[in-house]
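> below are the sequence and a predicted model for it; my questions follow.
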Amino acid sequence: MEAPSTSAPRQPAQVPPPVTPGLRGLLTLAVGVVVIAALYFGREVFIPLVLAILLSFVLAPVVNLLRRIHFGRAPSVIVAVLLALGVILGIGAVIGTQVASLAGNLPQYQATVQQKVSGLQEGILGRANALLQRINHQVHDASQKAAASGTTAAAPSGGETPKAQLVRVQEPDPSPLTLAHNILGPVVEPLTTVGIVLVVVIFLLMQREDLRNRLIRLFGSSDLHRTTVAMDDAASRLGTYFLAQLGMNAAFGVLIGLGLWFIGVPSPILWGVFAALMRFVPYIGAFIAALFPLALAAAVDPGWSMVVWTAALFLIAEPLFGHVIEPLLYGHSTGLSPFAVIVSTLFWGFLWGPIGLILATPFTVCLVVLGRHVESLEFFDVLLGDRPPLTPVENFYQRMLAGDPDEARDIGEAMLKERSLSSYYDEVALKGLQLAANDYARGVVTPAQLENIKTSCQGLVEDFEGRPDAEPPGDGKARGHSDVPTLAEQAHPKNEAVPGQAPPVEERPPAWRGEAPVLCIAGRGPLDEAAASILAQLLRKHGLGARVTPHEAVARGRIRDLDLSGVAMICISYLDITGSPAHLRYLLERLRRRAPDTPILVGLWPVGERVLSDAALGRELGADVYVSSLRGGVEACLKAVREAPREPAAAA
């Protein structure tokens, strides 16, 4: 094994600087352009396929229910598809009947509209229109006079002006084939699309497990766990979203239909179905659906009361469903930011028209799920998801760097609602301090900024002085699909609180009965004293008094003055031992000479230090215990006080 003194110096972990996109980035951009072009030009193929996939998500629970009551797979799928076909044909028949009824009453509606327009023309609009017409006539007369005075001299002196010839273009009579195409085309095309969709749905439902296994084999055989979690997350989230949205939109359509029927607007079933469909378009769908009933109400009622009641119905129903009922029933579980919803709606609406507006949110949910589980697609989750763009560690470091401990405390308070204080310190605070130490080592952080970080961190530790290190209440509650951690969050898992407390003072060995039996010594790094302060606070929360000593107090010329009275254990904190651990070995030698019988713990907070896994190197350095987390340090101290030898009994 290579001796510690001769090992090559190891540079501290650094945050890599941004690089210019290379060939791989350009290739990714080219693939994205090709995919978008394929989606646009191949929409006739992709739209039925996507509709079939979405319909399979809706019908999957029905198939599972039928199979639980001892239907076979094939009968369950056929019954579910026939049920969907019946609903689609029923809705189509109702819409056709309602449209035919509206078409028959169009002359009456036209007369009412003309009467209202005439009434408006007699009022302020009429006077404004007359004024505009008078101004227009004056401008027209002036222009005609100017044109006549300029063209009198240029008039032809002789000959007659040729008369214009009337030309009429007469198209040939359409052939029977053209007539059939013009009449049957608008009917056959939707029926063909419905047929294709249903056939694809049957195959998807019949071979659902086989398709899932094939996708896993193609894209995730090297990491079955992550691929399975991603697919289950996508399927469960999309299934929940579609069923919830379908139920909510259907209820919205029923409410609108009943309200319009009560108000007296013709064809209320048509407008209820239209409102339910348009509500799949986020934000503006319900208000677009209100335009046609409003126009019809204006055409039916000679007055304006029906228009007012119709507008009030939509203005009350949409906020009620969108801001009260939906959050109570299933919350905002799509995991999308409002910006992502708007951008995706514009994008898919441009690509696929009205169908794209309805499919925009489901497609974006799929991209966010992929970004949450596939590292190369993580930018989708960052751009489109509703999670904070920075990780908790980055947020902590950024606020400390800015000298803003108040916002850092707000973020910490939010995290402490679902994790213990020791978990927050271990997984967020220490890792944020490591980022700061690394940046200072490579010259990015100035001394003034470093002082800001020290002061802010000390203030944050003081703010949490009164908070116990315990699991927050209600931590075991069930989590929804939006709580699936991102790739960045998976790197910072939540640990449990340190269990137990130190024994009461009277039950401890004599060496541990002092006011501060643990001495926390800071390493020689710029922020090691902050880490030592955090460890001392956690020890106090578990019943062990502790005090912090800076690294200068254990230097060669000053260690003889170190106050070790009442100290039963020494804990040394290092954010990074920066290469060769020789200086740590010399520090331990000096401490051994001053306190030969006192156990020494070394906390090397960055996981992966060689001494943590090399027992021989650990013995060579001379410490009794090595830990890589604050939790481990507190547990080691609690174990030491419980296992320390008691005072021997007096001789008889």
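Structure received. Residues are numbered from 1 along each chain as shown.
> for this protein, name the helix or strand with the lowest mean pLDDT.
helix 487-490 (a mean of 52; mean pLDDT, DSSP states H and E).
> after that helix, next one along is what?
On the C-terminal side of helix 487-490, the nearest following helix or strand under DSSP states H and E is strand 518-522.
> now the helix or strand following that following strand: buried residues?
Counting by DSSP H and E, the next helix or strand C-terminal to strand 518-522 is helix 528-541. For helix 528-541, the neighbour count (16 or more other C-beta atoms under 10 Å) marks 528-541 as buried. For glycine as for every other residue, the C-beta is placed from the backbone atoms N, C-alpha and C.
> which residues in the stretch 501-650 of the chain form strands?
Along the stretch 501-650 of the chain, counting by DSSP state E, counting those that start in this stretch, strands occupy 518-522, 546-549, 569-574, 600-604, 625-627.
> want to throw those strands into TSV with distance to residue 392 and mean neighbour count?
Shown next, in TSV, are the strands of the stretch 501-650 of the chain (distance: least, C-beta to C-beta, whole Å; neighbours: other C-beta atoms under 10 Å):
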stretch	distance to residue 392	mean neighbour count
strand 518-522	24	26
strand 546-549	25	21
strand 569-574	21	26
strand 600-604	21	24
strand 625-627	22	21
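> can I get those in TSV including distance to residue 138?
Shown next, in TSV, are the strands of the stretch 501-650 of the chain (distance: least, C-beta to C-beta, whole Å):
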stretch	distance to residue 138
strand 518-522	90
strand 546-549	90
strand 569-574	90
strand 600-604	91
strand 625-627	93
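> which one of these lies closest to residue 38?
Nearest to residue 38 among those is strand 600-604; the distance by C-beta to C-beta comes to 52.3 Å.
> just checking: what are the partner strands of the closest one?
Applying DSSP bridges, strand 600-604 is found paired with strand 569-574 (parallel), strand 625-627 (parallel).
> show me where the stretch 51-200 of the chain has helices.
73-104, 106-122, 124-151, 176-206 (DSSP state H, counting those that start in this stretch).
> quick one on the thing from earlier: nearest to residue 556 among the buried residues of helix 528-541?
Using C-beta to C-beta, the buried residues of helix 528-541 come closest to residue 556 at residue 528, 17.9 Å.
> touching, the closest one and residue 574? I think so.
Yes - counting by C-beta atoms under 8 Å, residue 574 is a contact partner of residue 528 at 5.9 Å.
> identify the residues contacting stretch 446-462?
399-405, 408-409, 412, 429, 433, 436, 440, 445, 526-527, 529-530, 533-534, 537 (C-beta atoms under 8 Å, 6 or more residues apart in numbering).
> how far off centre is that stretch?
Its chain's C-alpha centre and that of stretch 446-462 lie 31 Å apart, by C-alpha atoms, centre = their mean, to the nearest Å.
> cool, and stretch 617-631?
That offset, for stretch 617-631, works out to 40 Å (C-alpha atoms, centre = their mean).
> likewise stretch 67-77?
Mean C-alpha position of stretch 67-77 versus that of the full chain (C-alpha atoms, centre = their mean) differs by 37 Å.
> now do that stretch, average pLDDT.
For stretch 67-77, the mean pLDDT works out to 84.
> pLDDT below threshold where in the stretch 351-500 of the chain?
Applying pLDDT under 70 to the stretch 351-500 of the chain flags the ranges 373-377, 386-389, 474-497.
> can you tell which of the strands of the stretch 501-650 of the chain is closest to residue 23?
strand 600-604 (39.6 Å).
> go ahead and name everything in contact with the closest one.
Defining contact as C-beta under 8 Å, 6+ apart, one finds that strand 600-604 is touched by 531, 535, 569-574, 577, 584, 588, 591-592, 611-612, 621-630, 632-633, 636-637.
> ditto for stretch 320-327
With C-beta under 8 Å, 6+ apart as the test, stretch 320-327 has contacts from 244, 248, 251-252, 279, 286, 332.
> pLDDT on that stretch, on average?
75.
> same question for stretch 213-229.
64.
> number the chain from 158, please
Let's use 158 as the start, then, which means that last one is stretch 370-386.
> surely residue 790 touches residue 728?
Yes - if you go by C-beta under 8 Å, residue 790 and residue 728 touch, sitting 6.1 Å apart.
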